[in-house]
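# Compute the structure for the input listed below.
(2 chains)
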Amino acid sequence: MLHKEKLLSGLVEAVLTLDEKVIVEKVREALSHGIDPVEIIEKGLAKGLKVVGDKYEAGEFFLMHLIAAAEPVQFVIREFLEPEIRKRGSGRKPSGKIILGTVEGDIHDIGKNIVGAMLTAANFEVYDIGKDAPAEKFVEKAKEVQADIIGASALLTTTMPGQKRIIEILEREGIRDRFKVIFGGAPVTEEWVKKIGADGYAEDAVEAVKLAKKLLSERKEE
Amino acid sequence: MPLSGVRGGQLKFFTKNQIYNLHLTSLNVLAQIGVMFDDDAALKLMEEAGAEVNYRDRIVRIPQYLVSEALNKVPKNITLYGRNSRNDIILTEDMVYNGSANNAIAVLDFDGERRPATFKDLEDFTRLQDALENIHIMSTPITSFSDIPSEGVYKRCYEGVVRNTEKHVINQADGAKEVRDEARMAAAIMDVELEEIGRRPIFSMIADLAPPLKFPKKIVEVITECAKLKIPILLESDPYAGGTAPITTAGIILQQNAEILAGITLAELTNPGTPIIYTCAPMILDMRLGVASLGAPERGVYHVATAQLCRYYGIPLCGVAGTTDSKMPDVQAGYEKALSYLMAALSGVNIITSHTGTLESVLTISYEQSVIDNEIYGMVFRILRGGDISDESLYEAFEVIRKVGPLGSHYLSQEHTRKYFTIEEWLPTVSDRSKWDAWVKKGRKDAVKLARERAEEILKRHMPEPLPKETLEKIARIVREPIS
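Got it, this is the predicted structure:
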């Protein structure tokens, strides 16, 4: 048991190195010792990311540290842990499923990618449909995977109507209440998001994760 | 480890010839027009050295060779010591440091009310500014108080300041006796004999002459007493263009230079090797109001010219910038302070006496403004640091661009980003960079409000290393002695 604890705390430390090689190596080591992949995520990697998040809140770490920790974690979950979970048929329960993309006509995706990495790290199952994505694609994917949340980013005032279109399609199809919809991006404001009838707006990636968690718990209560 | 400054002096307006001609004409001013020394001993010293003295008008015409000899005796590099050696400062060519403030008479309090200053304000402002990371040298934040008499005020100020900072202190004195008293206080702090204080002077002294071309008796005393003790002298001229100096740039810089060269000659004749910091505070006289302006843009030009002169002489320069005529920490305060500070820094003024926290042409001092000023200094120092474009930095950049490439999205998770972030990016302390909604959520705090929070926080927790009880008693005894 002691050995397992040591492997798990080794994972926390590995995340703090922000070094993908170290994180991959430690995850492999834990898997080879028979540690459950769900536990690797929840008691190792997620815990490490929590420490990184705390350091960010305390002003000791910055955005790039958050991303440098979240991206390799996203990578090992996708490449190593999820296949293992599927193989075992054991159930990992992500806290929620979220569709993420940049709206049609917009090829800016740094913000969306940051939010994606942070959400994955926060145990969300993220379906990234990429950039320049038509509103229909958001809705299709959400229906297909039975998502909890749809998140769309717009970096230009000219592409912001793409966010509005997502709401319009959902309403037309009569499925608006099946999903929570959140929007972000440099020109996007709380006021705009309210005006077009979405469920939430976040200023940055850290706020986006908080918002997603909040909406998810609301959804469970509904 | 001494404190490190930042290299300035990138900005030059004038040619070598122009600067050389300024120097030659200054020598002519001293040889043909002369200066007034209101002190018999100084006149005698000058006459014995070869100057032509008119005892009736107390005017000395100084021949060129005397000035040249004096310039040769001024130390080229000066170290300013802190009572904690961590705060030592080595003044070398083009390195820029920041000195704090002096001479306020009123406080703009946290509630926005302007009131007369008390001695407690002096201690609080010193403690606050001691904690601010971009202030390397302390001065006397306030010199006029509602609760203590003005007699012997400078040595009282020194006591109040030195109790609350470990940095080097720039002092003032009302004549020779007070110079000596302050030196005795410093000797007590350093636990050395008075005669040894010049080896590691933990304070230096302003000697502020009276333009045009006059050295009042007390200023002569301050210069000669400091020279005897080898205490660094900040030889200062603060002429008003169009008022106490000619209105042209050539005229004010010429007169100021002649005045300071005369002071240097006196100091080096008194004791060769006396450390001198060329100190200038030239300003304009506002011709609508008849007041001197400390926020006017002309001073930026004066600093460029004076810095170029000082590089020619190889003498460290102290200037005054980062000041404002505004009454509140407002937009006018922001642009006047930032512009003049940047100009002084780019000129390569070695000590920028920034009168940290002051408003109203340095008469009023504000807690919030102190913190905001520290932010301005930080931004300017970042600009001065420039950028490293070298074979190595280009190679590293090329490699990281290759790594991310057109298929990548961002550089946030690159080691290269983490490695250079703290070197490249300056971090604001009170400037808010969030967008509207986030800013509203955080309470609509502007820089003044954020500065207030930081000031209150520092005052709550910051206390520099206290002086030992016996030392405090010793310096208190010197302060209590009658002044004459």
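
# tell me which element the spatially most central residue of chain A falls in.
In chain A, the centroid-proximal residue (C-alpha atoms, centre = their mean) is A:Leu119; its distance is 2.1 Å. Under the criterion of DSSP states H and E, A:Leu119 resides in helix A:110-121.

# Can you spell out which helices and strands pack onto that helix?
For helix A:110-121, the packing partners by 3 or more C-beta pairs under 8 Å, 6 or more residues apart in numbering or on different chains; DSSP states H and E come out as helix A:63-76, strand A:96-102, strand A:124-128, strand A:149-153, helix A:205-221. Backbone N, C-alpha and C define where each C-beta goes, glycine included.

# Any chance you could list what contacts the longest one?
Meaning helix A:205-221. The contact list for helix A:205-221, computed with C-beta atoms under 8 Å, 6 or more residues apart in numbering or on different chains, reads A:53, A:56-57, A:63, A:66, A:95-96, A:98, A:111, A:114-115, A:118-119, A:122, A:124, A:148-149, A:151, A:180, A:182, A:184, A:199-202, B:438.

# Flag the shaky bits of chain A, pLDDT-wise.
A:1-2, A:90-92 (pLDDT under 70).

# can we see that at 80?
Low-confidence segments of chain A (pLDDT under 80): A:1-2, A:89-95, A:108, A:121, A:220-222.

# Around chain B, which positions in it sit nearby?
When proximity is defined by C-beta under 8 Å from any C-beta of the partner chain, chain A lies next to chain B at A:18, A:62-65, A:67-68, A:71-72, A:109-110, A:113-114, A:186, A:189-191, A:201, A:203-204, A:207.

# And those residues, which of them are buried?
A:18, A:62-65, A:67-68, A:71-72, A:109-110, A:113-114, A:189-190, A:201, A:203-204, A:207 (16 or more other C-beta atoms under 10 Å in any protein chain shown).

# B:Trp426 and B:Asp38, how far apart?
Going from B:Trp426 to B:Asp38 by C-beta to C-beta, to the nearest Å gives 48 Å.

# give me the number of residues near B:Ser434?
Neighbours of B:Ser434 under the rule other C-beta atoms under 10 Å in any protein chain shown: 12.

# was I right about it contacting B:Lys442?
Yes - using C-beta atoms under 8 Å, B:Ser434 is in contact with B:Lys442, at 6.9 Å.

# State whether B:Val440 is indeed within a strand.
No - checked against DSSP: H, G, I helix; E, B strand; the rest coil, B:Val440 lies outside a strand; its state is helix.

# Quick check: pLDDT value at it.
Predicted confidence (pLDDT) at B:Val440: the value is 91.

# And stretch B:245-265, how far out from the chain middle?
Put simply, stretch B:245-265 sits 19 Å off its chain's centre (C-alpha atoms, centre = their mean, to the nearest Å).

# ugh, wrong one, I meant stretch B:133-144
Centre to centre, stretch against its chain (C-alpha atoms, centre = their mean), the figure for stretch B:133-144 is 9 Å.

# rewinding a little: not counting the helix holding A:Leu119 itself, show me its contacts.
For helix A:110-121, using C-beta under 8 Å, 6+ apart, the contacting residues are A:45-46, A:49, A:63, A:66-67, A:69-71, A:73-74, A:77-78, A:98, A:100-102, A:126, A:128, A:131, A:151, A:153, A:155, A:184-186, A:202, A:205-206, A:208-209, A:212, B:409-410, B:412.

# are any of these buried, and which?
Here the buried ones among the contacts of helix A:110-121, as counted with 16+ other C-beta under 10 Å, turn out to be A:45-46, A:49, A:63, A:66-67, A:69-71, A:73-74, A:77, A:98, A:100-102, A:126, A:128, A:131, A:151, A:153, A:155, A:184-185, A:202, A:205-206, A:208-209, A:212, B:409-410, B:412.

# buried stuff in stretch B:31-44?
Going by 16+ other C-beta under 10 Å, stretch B:31-44 has these buried residues: B:Ala31, B:Gly34, B:Val35, B:Met36, B:Phe37, B:Asp39, B:Ala42, B:Leu43.

# circling back to that earlier point, and the angle for the helix holding A:Leu119 with helix A:63-76?
Helix A:110-121 runs at 60 degrees relative to helix A:63-76, counting by axes from the mean of the first three to the mean of the last three C-alpha atoms, to 10 degrees.

# what's the angle between helix A:110-121 and helix A:205-221?
Using the same axes, to 10 degrees: helix A:110-121 against helix A:205-221 is 50 degrees.

# what angle sits between helix A:110-121 and strand A:96-102?
170 degrees.

# isn't there a strand covering B:Leu285?
Yes - assessed by three-state DSSP, B:Leu285 belongs to a strand.

# what is it paired to in the beta sheet?
In this entry, B:Leu285 is beta-bridged to B:Ala292, by DSSP bridges.

# and the chain, what are its domains?
Answering for chain A, as no chain was given. Domain ranges of chain A: A:2-88, A:96-221, per automatic domain parsing.

# wrong chain, I was asking about chain B
According to automatic domain parsing, the domains of chain B span B:6-13+B:72-385+B:471-480, B:391-424.

# now the longest one: mean pLDDT?
Pointing back at domain B:6-13+B:72-385+B:471-480 there. Averaging pLDDT along domain B:6-13+B:72-385+B:471-480 gives 95.

# Pull the distance from that domain to the chain's centre.
So, by C-alpha atoms, centre = their mean, the centroid of domain B:6-13+B:72-385+B:471-480 is 4 Å from its chain's centroid.

# residues near the closest residue to A:Asp132 other than its chain neighbours, how many?
Nearest residue to A:Asp132 in three dimensions, chain neighbours excluded: A:Ile107, at 5.5 Å (C-beta to C-beta, 6 or more residues apart in numbering or on different chains). Neighbour count of A:Ile107, defined by other C-beta under 10 Å: 11.

# And for B:Ile19?
Neighbours of B:Ile19 (other C-beta under 10 Å): 19.

# what sits against it?
Listed by C-beta under 8 Å, 6+ apart, the contact set of B:Ile19 reads B:Ala305, B:Gln308, B:Leu309, B:Tyr312.

# Please render those as JSON lines that adds secondary structure and distance to chain A to the earlier fields.
Putting these into JSON lines (DSSP: H, G, I helix; E, B strand; the rest coil; distance: C-beta to the nearest C-beta, whole Å) gives the following:
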{"residue": "B:Ala305", "secondary structure": "helix", "distance to chain A": "42"}
{"residue": "B:Gln308", "secondary structure": "helix", "distance to chain A": "40"}
{"residue": "B:Leu309", "secondary structure": "helix", "distance to chain A": "43"}
{"residue": "B:Tyr312", "secondary structure": "helix", "distance to chain A": "44"}
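
# List the buried residues of whichever helix or strand B:Gln332 is part of.
For B:Gln332, the host element (DSSP H and E) is helix B:331-347. Neighbour counts over helix B:331-347 (16+ other C-beta under 10 Å) mark B:333-334, B:336-347 as buried.

# Output these as JSON lines; include the columns distance to A:Leu11.
Listed next are the buried residues of helix B:331-347 as JSON lines, based on distance: C-beta to C-beta, whole Å:
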{"residue": "B:Ala333", "distance to A:Leu11": "52"}
{"residue": "B:Gly334", "distance to A:Leu11": "49"}
{"residue": "B:Glu336", "distance to A:Leu11": "55"}
{"residue": "B:Lys337", "distance to A:Leu11": "50"}
{"residue": "B:Ala338", "distance to A:Leu11": "48"}
{"residue": "B:Leu339", "distance to A:Leu11": "53"}
{"residue": "B:Ser340", "distance to A:Leu11": "54"}
{"residue": "B:Tyr341", "distance to A:Leu11": "49"}
{"residue": "B:Leu342", "distance to A:Leu11": "49"}
{"residue": "B:Met343", "distance to A:Leu11": "54"}
{"residue": "B:Ala344", "distance to A:Leu11": "53"}
{"residue": "B:Ala345", "distance to A:Leu11": "48"}
{"residue": "B:Leu346", "distance to A:Leu11": "51"}
{"residue": "B:Ser347", "distance to A:Leu11": "55"}
